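Asks: what would the 3D arrangement of this be:
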Amino acid sequence: MGEGHSHDALHHAEEACARRGVQLTPLRRRVLELVLEAGQPIGAYALLDRLRDGRPGAAPPTVYRALDFLLEQGLIHKVERLNAFLPCIEAGHGHDHDHPHQFLICQRCGRTAELSDDGVAAAVTAAARSAGFQPSRATVEVEGTCGECAAAR
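Replies: Numbering: from 1, shown residues only. Predicted coordinates:
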């Protein structure tokens, strides 16, 4: 993610937190900044290593608390398949932070793209309801090959 885009995303995140009456502390802001800078899904321990560059005493609970806050505020997502975090494409843009999201994960290079397709979400909800299940939220993770890797074959 480019530096200008990262700066804009941080600004939107600060505004979103202010609107919600929650605080984006310097630590939370730094963890979000590291997720934005990563350019791909990043794990908690990789974040901790990067965080320790400026905060040598940082410990795993420090990162996990910040990640929990950022997840709760809809500023980042967790890609379960990778046990890693990435920025939310809708964060800070006035959208409900519970918007539908789907992830496309390249099995070759690891690139992950987020989609927010209402049609996919509606299909998953309809399928769940037809099975007698009342869904509260759903995340779809699709593994395959990205366009760049497919073109390189």
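
Asks: list the buried residues for stretch 67-84?
Replies: Within stretch 67-84, the residues that count as buried by 16 or more other C-beta atoms under 10 Å are 67, 69, 70, 73, 74, 75, 76, 77, 78, 79, 82, 84. (Each C-beta comes from the backbone N, C-alpha and C, glycine too.)

Asks: how long is it end to end?
Replies: 10 Å (C-alpha to C-alpha, to the nearest Å).

Asks: give me the mean pLDDT for that stretch.
Replies: Per-region confidence: stretch 67-84 scores 94 on mean pLDDT.

Asks: same thing with stretch 101-118?
Replies: Average pLDDT, stretch 101-118: 90.

Asks: now, which of the buried residues of stretch 67-84 sits nearest residue 152?
Replies: Residue 152 lies nearest to residue 82 out of the buried residues of stretch 67-84, by C-beta to C-beta, at 21.3 Å.

Asks: what's the burial count for the nearest residue to the closest one once chain neighbours are set aside?
Replies: Excluding the flanking residues, the one nearest residue 82 by C-beta to C-beta, 6 or more residues apart in numbering is residue 41, at 5.0 Å. Residue 41: 23 surrounding residues under other C-beta atoms under 10 Å.

Asks: now do residue 148
Replies: Neighbour count of residue 148, defined by other C-beta under 10 Å: 11.

Asks: likewise for residue 44?
Replies: Neighbours around residue 44, by other C-beta under 10 Å: 18.

Asks: torsion angles phi and psi at it?
Replies: phi -60, psi -40 (degrees, to the nearest 10).

Asks: for residue 149, see how far away it is.
Replies: Plainly put, residue 44 is 26 Å away from residue 149 if you go by C-beta to C-beta, to the nearest Å.

Asks: try residue 126
Replies: 32 Å.

Asks: one more: residue 52?
Replies: Counting by C-beta to C-beta, the gap from residue 52 to residue 149 is 33 Å.

Asks: residue 126 and residue 149: who's more crowded?
Replies: When residue 126 and residue 149 are compared for neighbours, residue 149 comes out ahead with 15 against 11, by other C-beta under 10 Å.
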